[in-house]
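> Structure, please.
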Amino acid sequence: MDYLTKEGLEQLRKELNELKTTKRAEIASRLKEAASFGDLSENAEYMEAKEDQAFLEGRIDELEEVLRNAQVVTKTTSGVELIEIGCAIEVIADEQKRTFVLVGKEQADPITNKISSESPLGKAMLGRRIGETVDIFTPSGSKQYKITKIMLA
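Residues are numbered from 1 along each chain as shown. You can find the predicted model right below:
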C-alpha cells in the first residue's frame, strides 16, 4: 500500500499526465528522427532514444501502479495527538529544533524536510505523541529525537 497526501496524489497524477503526453511525444519524435539516419544496429541516437523510451515507460508503469494502490491520507481538523502520515513534526535533536513532514515513500524529499514513513526515522515516529523521545540507530551511532509539537501539514 502506498500512502499519499492529497497534494502528493495530485503531484503524481500531474507527473503521469506529463509523461504520457509531452514526454512520450518527444521520444517518439526523437525515434523517428534517429531512424531516418539509416542502419539502426549502429545508430547511437536511436539506441539512446530507445533506452529513454524504456525508462519512460517503466516510470509510467510505476506511477500507474502507485496510483492504483494509493491510499490517500486525510487530514482531520481536530487536534493531532498521534503522529501519522501527513503530520508536520517538530523535534529537538542534538539541542537543535527541527521540523519535518511525514509522507509516503513516493513523496519523500529530504531536501525539503519530507521524510518517508518507511525510513528508519519515519517508522520510529509513527504513532508517537508529544513529549516522547525516539532513539534512532544510525551508522554514526544512536540519535535521540524529542517530539515537541505535532501539526497538520
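> pLDDT below threshold where in the protein?
1, 74-80 (pLDDT under 70).
> Count the neighbours of residue 118 for me.
Around residue 118 there are 13 other residues, counting by other CB atoms under 10 Å. Glycine gets a C-beta too; all of them are placed from N, C-alpha and C.
> all strands for this protein, in order.
2-5, 70-73, 87-93, 96-103, 114-116, 133-138, 141-152 (DSSP state E).
> So for stretch 99-107, first residue to last residue, what's the gap.
16 Å (CA to CA, to the nearest Å).
> how about it: buried residues?
The neighbour-count criterion (16 or more other CB atoms under 10 Å) identifies 100, 101, 102, 103, 104, 106, 107 as the buried residues of stretch 99-107.
> That stretch: how far from the chain's middle?
Here the centre of stretch 99-107 is set off from its chain's centre by 7 Å, with CA atoms, centre = their mean, to the nearest Å.
> Just name the closest of the buried residues of stretch 99-107 to residue 3, please.
Taking CB to CB as the measure, residue 3 lies nearest residue 104 of the buried residues of stretch 99-107, at 3.8 Å.
> Would you enumerate the residues in contact with the closest one?
2, 3, 4, 5, 8, 70, 73, 85, 116, 117 (CB atoms under 8 Å, 6 or more residues apart in numbering).
> export these to JSON lines and tack on neighbour count?
Shown next, in JSON lines, are these (neighbours: other CB atoms under 10 Å):
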{"residue": "2", "neighbour count": "19"}
{"residue": "3", "neighbour count": "21"}
{"residue": "4", "neighbour count": "23"}
{"residue": "5", "neighbour count": "21"}
{"residue": "8", "neighbour count": "23"}
{"residue": "70", "neighbour count": "18"}
{"residue": "73", "neighbour count": "20"}
{"residue": "85", "neighbour count": "22"}
{"residue": "116", "neighbour count": "20"}
{"residue": "117", "neighbour count": "21"}
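> Give the burial count for residue 95, as a bare number.
5.
> ah, wrong one, I meant residue 38
Using other CB under 10 Å: residue 38 sits among 10 other residues.
> Quick check: phi and psi at it.
Reported as degrees, to the nearest 10, the phi and psi values for residue 38 are phi 110, psi -140.
> The contacts of residue 104: which two are farthest apart?
Taking every pair in the contacts of residue 104 and measuring CB to CB, the maximum separation is 14.5 Å, between 70 and 116.
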